[in-house]
Structures are given as structure tokens and as C-alpha cells.
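Peer 1: Starting from these lines, generate the structure:
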Amino acid sequence: MSSKHCLGPTSRRWFLKMGTLGLSGLSLADVMRLRAEAGARSVAADRSVIFVWLAGGPAHMDTYDMKPDAPEEYRGEFRPISTNVSGMDVCELFPLHAKCADKYTLIRSIAHKFSDHGGGSKRVMTGRIPKTPTGTKNDSPSVISIVSKMREHRDVGLPNCICVSSGSRSKVDTYAQGAAYLGMKYNYFPVGGDPGSPKFAVRNLFLNKKIEDRLDDRKQLLSGLDRMRRDVDASGAMDAVDEFSQKAFSLMTNPRAHQAFDLSREPQALRERYGMHAWGQRALLARRLVEAGSSFVTVTMENPNMPGAFYNWDSHAVNTHIWRDSRARFPIYDQAISALVEDLHDRGLTKKVLLVVTGEFGRSPRISQSQKKDGIQPGREHWPGAMSVLVCGGGMQHGQVIGSTNDKGERPHDRPLTPNDLWATVYKHLGIDQNATINDYAGRPQSLLPFGEPIRELT
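Peer 2: Numbering: from 1, shown residues only. Just a heads-up that it's a prediction; the model follows:
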């Protein structure tokens with residue numbers, strides 16, 4: 001009797017495994033299901049995330065969740081504009097967003113309870129309730145470090161987890177992205193500076209011929225030094241230094257890494273579409289890195305270096321005039337994010353790559369004021385009770401709005417969600433079991449995500 005379906009070549013090892021499983025009471029259907037699940041995990045191993053971090057917390061009511069009918073002291077100075085998706089609107093300073101709204105989704109009903117930058121960052125970055133409401137040194141590992149741990153055996157010639165940020169802001173504790181009890185070796189690989197600048201630090205990886213001729217000697221020397229340091233340091237910190245030294249050396253000698261970091265390989269027109277500024281070029285670099293195989297690339301968008309803009313999204317009335325700041329900040333943000341969204345679609349990467357754009361919280365619906373020498377300065381304060389998140393790719397549904405806030409933007413009105421639901425969605429995309437456990441400092445097993453469910457509207 002002939003079979004209608006061919007499963008393809010099957011190895012002797014597979015038959016032996018089948019025999020072993022059969023002895024344990026598994027049926028052929030069980031075996032085939034396990035094989036299918038293994039195949040699904042293999043597919044997920046090629047998936048990746050671009051995580052855009054808007055440090056300081058963007059104002060949801062001035063970006064993606066505007067309330068034009070709210071009282072004057074809430075609604076702000078800007079007006080919403082329609083997008084190419086019926087019923088979806090965005091800030092008038094986001095005209096490029098409006099043209100590609102069918103290619104992303106807005107989530108308007110995520111909230112948590114930590115109003116300090118430190119506590120808010122830890123709450124979002126770890127998917128856990130932080131032990132302290134302030135400070136950015138983690139007591140639990142960030143999602144980035146967990147991804148690094150769960151994919152530590154994956155070698156594509158690039159670090160699995162990379163953070164592209166301003167050079168002075170590239171330390172893991174700046175945004176609560178540390179590895180905590182996982183250990184320093186699971187921190188991300190930092191890349192600081194403006195990737196579009198001729199002085200971009202990673203360009204130091206491109207060595208001249210004289211140095212290349214001496215690499216073998218250097219490698220032997222580093223190997224000897226590493227062995228000696230491991231003999232005298234059993235704390236684990238030196239192992240982490242070794243890990244980063246090896247990664248840096250690997251980058252120096254790996255042509256694939258050279259190509260991934262070299263933005264000159266991109267058409268100039270595309271680079272200009274992203275914007276010839278740090279935010280745009282970081283976003284473009286992130287796309288190149290995930291396309292080359294990195295699992296998780298964080299892009300921080302602060303320090304816009306634009307006249308009239310505050311250094312991050314922390315738009316307190318005492319910090320900045322929020323409307324002037326937005327007029328300087330929003331156009332370059334609009335350019336970079338819309339270009340990244342469209343580029344992922346144009347390159348057929350929306351199944352492989354999931355883009356997530358968020359900060360640690362939203363801003364207060366009611367506008368605050370601060371007396372300055374030149375008059376009253378408007379702003380918005382910290383507000384974890386409501387925040388908006390943009391997502392794109394991941395094989396998910398686009399062109400929709402998930403959830404809503406009440407008429408003043410104060411809290412979720414329907415479909416209330418937490419940062420954990422967002423991370424559950426990310427883990428599902430990456431093929432990581434959120435219920436898997438890792439031991440903490442005391443050797444107690446801790447689940448990767450203590451609660452949360454994948455957002456059903458996206459899958």
C-alpha cells in the first residue's frame with residue numbers, strides 16, 4: 001500500500017528515538033506531534049524582535065490616543081488626523097504614520113502602577129512587579145537578558161542581543177535592562193553612538209591590513225591572558241568580561257558582522273528615508289542586525305539633538321515646553337518609525353521580525369504648568385495608568401486599534417492589558433515558553449513570565 005504523503009528522509013537516529021518513545025507509551029500520533037513541535041521551534045529560532053525604547057515616557061494623548069473632545073486642560077494643542085485605516089487616527093505631526101497605518105497596530109489600553117522612571121522601567125523591562133519603586137538596577141532579569149539566556153547556544157556570527165543607543169546611555173542599568181540573577185554574561189552587547197556618523201565606534205571593527213596580519217598573535221595572547229584571569233577570578237564577573245572580549249574579537253574578525261554594521265551598503269535614498277540623524281540610522285541598523293540573525297535589538301530614541309527638544313521623552317512642565325518639544329521631536333520620530341515599518345514590509349520581514357515601540361509609561365492626561373521667566377510652560381507628568389504601544393510584524397494582524405481609554409485618557413476603558421501581555425506575545429513569537437523556569441540567586445525556580453497572555457487580536 002502506498003502512502004499519500006511523504007515525510008521525507010528520516011534518519012536512523014529518528015527511528016531509534018521513535019522506538020524509545022514507543023516504550024514509554026507514546027503513540028505514533030504523539031511522536032508526529034512532537035516532531036511537528038520541534039519543527040515549529042526550529043522555525044521560531046529564526047525569528048527576532050526590534051524593540052524601540054522611548055525613554056522618559058511619551059505622552060499617549062499627544063501621539064496615538066488623542067482626545068479632541070476632552071476639556072481644554074486635557075486635550076492639548078495638537079489635533080488628530082485620519083490615517084489610511086478607517087477609524088484610526090494619530091497626531092497631526094505624524095503624517096508619515098498616517099500613510100502606512102495599515103502596516104502596524106496600535107495598543108491603547110496597557111497600564112501598570114509604577115510612576116517613577118526606575119520602577120516603571122523595571123516593571124516594563126522585566127515583566128515583574130519590582131521590589132522597589134525606584135532605581136533602575138534590576139532585581140529580576142530583563143526580558144532582553146532572558147532572551148539572551150534562552151538562545152545562548154544560537155551562533156549566527158553576531159551577538160544575539162544588542163542595544164543601539166547614545167554612547168553615554170549604553171549601560172544596562174540606565175533603562176533597567178540588566179540580567180540580575182542570570183549573571184553579567186547575559187547582558188546585551190552595547191553599541192553606542194550615531195551609526196550614520198563617520199566616527200561611529202563600531203567602525204573600529206574594520207581593521208587595516210597591518211593589524212589584520214597580527215590577529216593570530218593577538219588571539220593567542222588574549223587566550224593566555226584569559227586563562228590566567230580565570231585562574232584568579234572565580235566570582236563570575238571576569239567570566240562576563242571574557243564573554244564580551246570574545247564577542248568583540250569575534251566581531252572584529254567576522255565578515256558577516258562587518259557587513260551587518262556597515263550602513264554604507266544601504267542605498268542612500270533609503271538611508272535618507274529613515275532620516276540622516278541618529279534615530280533614523282539606529283532604526284536602519286536594527287533592521288540590518290535582525291536580518292543578519294540577531295534575536296533582539298533594542299533601539300533607544302532619546303537625545304534627539306534638535307533645537308527646542310528635551311533630551312528624552314520626560315515632558316514635565318518643569319523640564320520642557322511640551323508643544324515646542326513635540327514640534328522638534330515628533331517629525332524625526334515620525335520619519336524613523338514609519339520608514340522602519342515600511343521597510344520591514346518591503347523586505348518581506350514581517351513574519352520573521354516583530355517590532356515593538358514603547359516607553360515606561362504614558363503622560364498625565366491633565367496638562368500641568370510651570371512658571372518660567374518667559375511665562376507659563378505647559379507639560380505632562382508621569383502616568384502609568386495608560387500608555388500606547390505600536391507593534392508591527394511578527395506575522396500578526398495589522399491596521400487595527402486594540403483597546404481604548406476613557407474619554408479623558410486616564411485609564412483603560414475596554415480590553416485592559418499589562419506589559420506582561422505584551423511580553424507573552426513577544427515570547428510566543430520567539431518560540432520561548434513563558435512558563436519555563438530559571439533559578440534565582442537562592443536556587444529557586446522562577447518562571448520567565450509570572451503572568452500574562454498573548455494578545456489574541458494580534459495572533
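Peer 1: Near residue 131, how many other residues are there?
Peer 2: 11 (other C-beta atoms under 10 Å). C-beta coordinates here come from the backbone N, C-alpha and C atoms, glycine included.
Peer 1: neighbours of residue 153, just the number please.
Peer 2: Residue 153: 6 neighbours (other C-beta under 10 Å).
Peer 1: Over to the one 5 residues further on?
Peer 2: Neighbour count of residue 158, defined by other C-beta under 10 Å: 23.
Peer 1: helix, strand or coil for it?
Peer 2: coil (DSSP: H, G, I helix; E, B strand; the rest coil).
Peer 1: The closest residue to it other than its chain neighbours: what's it in contact with?
Peer 2: Leaving out its chain neighbours, the residue that sits closest to residue 158 by C-beta to C-beta, 6 or more residues apart in numbering is residue 294, at 5.0 Å. The neighbours of residue 294, taking C-beta atoms under 8 Å, 6 or more residues apart in numbering as the test, are 48, 156, 158, 159, 160, 161, 162, 260.
Peer 1: residue contacts, residue 439?
Peer 2: 181, 445, 446.
Peer 1: and with 6 Å instead?
Peer 2: residue 445 (C-beta atoms under 6 Å, 6 or more residues apart in numbering).
Peer 1: bridging residues for it?
Peer 2: residue 445 (DSSP bridges).
Peer 1: quick one on the thing from earlier: only whichever of the contacts of residue 294 are buried, select them in ChimeraX.
Peer 2: Selection of the buried residues among the contacts of residue 294 in ChimeraX, burial being defined by 16 or more other C-beta atoms under 10 Å:
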select :48,156,158,159,160,161,162,260
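Peer 1: Tell me which two of the contacts of residue 294 sit farthest apart.
Peer 2: 161 and 260 (14.1 Å; C-beta to C-beta).
Peer 1: Low-confidence regions, the stretch 201-350 of the chain specifically.
Peer 2: Applying pLDDT under 70 to the stretch 201-350 of the chain flags the ranges 201-252.
Peer 1: Next, count neighbours for residue 443.
Peer 2: If we define neighbours as other C-beta under 10 Å, then residue 443 has 7 of them.
Peer 1: Name the nearest residue to residue 401, sequence neighbours excluded.
Peer 2: residue 106 (5.0 Å).
Peer 1: Make sure I have this right: that neighbour is in a helix.
Peer 2: No: using three-state DSSP, the assignment for residue 106 is strand, not a helix.
Peer 1: Tell me the spacing between it and residue 134.
Peer 2: For residue 106, the distance to residue 134 (C-beta to C-beta, to the nearest Å) stands at 30 Å.
Peer 1: I figured the residue nearest to residue 401 hits residue 400, correct?
Peer 2: No: between residue 106 and residue 400 there is no contact under C-beta atoms under 6 Å: 7.8 Å.
Peer 1: Run through who's touching stretch 84-101.
Peer 2: By C-beta under 6 Å, 6+ apart, stretch 84-101 touches 63-64, 78-83, 102, 330, 334, 338, 341-342, 399, 401.
Peer 1: Tell me which two in these are the farthest apart.
Peer 2: So, the contacts of stretch 84-101 by C-beta to C-beta: farthest apart are 79 and 342, at 24.4 Å.
Peer 1: Settle it for me: which of those two has more neighbours?
Peer 2: residue 342 (18 against 12).
Peer 1: how many neighbours does the closest residue to residue 310 other than its chain neighbours have?
Peer 2: In this structure, residue 310 finds its nearest non-sequential neighbour in residue 320, 3.8 Å apart by C-beta to C-beta, 6+ apart. Counted by other C-beta under 10 Å, the residues lying close to residue 320 total 24.
Peer 1: Also residue 137?
Peer 2: 12.
Peer 1: sec struct for the most centrally placed residue in the chain, please.
Peer 2: Centroid-nearest residue in the chain, with C-alpha atoms, centre = their mean: residue 51, separated by 1.7 Å. Judged by three-state DSSP, the three-state class of residue 51 is strand.
Peer 1: Could you double-check that it sits in contact with residue 358?
Peer 2: No: applying C-beta under 6 Å, one finds residue 51 not in contact with residue 358, separated by 8.1 Å.
Peer 1: need the helices for the chain, in chain order.
Peer 2: Using DSSP state H, the helices of the chain run over 12-23, 28-44, 72-75, 95-99, 117-126, 143-150, 209-212, 215-232, 237-253, 255-261, 268-274, 278-292, 322-346, 419-430.
Peer 1: pLDDT averaged over the second one - what is it?
Peer 2: In this model, helix 28-44 has a mean pLDDT of 52.
Peer 1: Report the beta-bridge partner residues of residue 189.
Peer 2: residue 162.
Peer 1: Isn't it up against residue 163?
Peer 2: No: checked against C-beta under 6 Å, the pair residue 189 and residue 163 is beyond contact range at 7.3 Å.
Peer 1: Of those two, which one has the most company?
Peer 2: residue 163 (27 against 20).
Peer 1: Model confidence for the more buried one, exactly?
Peer 2: pLDDT, residue 163: 96.
Peer 1: and the nearest residue to residue 254 once chain neighbours are set aside, how many neighbours?
Peer 2: Spatial nearest neighbour of residue 254, chain neighbours left out: residue 157 (4.8 Å); criterion: C-beta to C-beta, 6+ apart. Residue 157 has 17 neighbours, counted by other C-beta under 10 Å.
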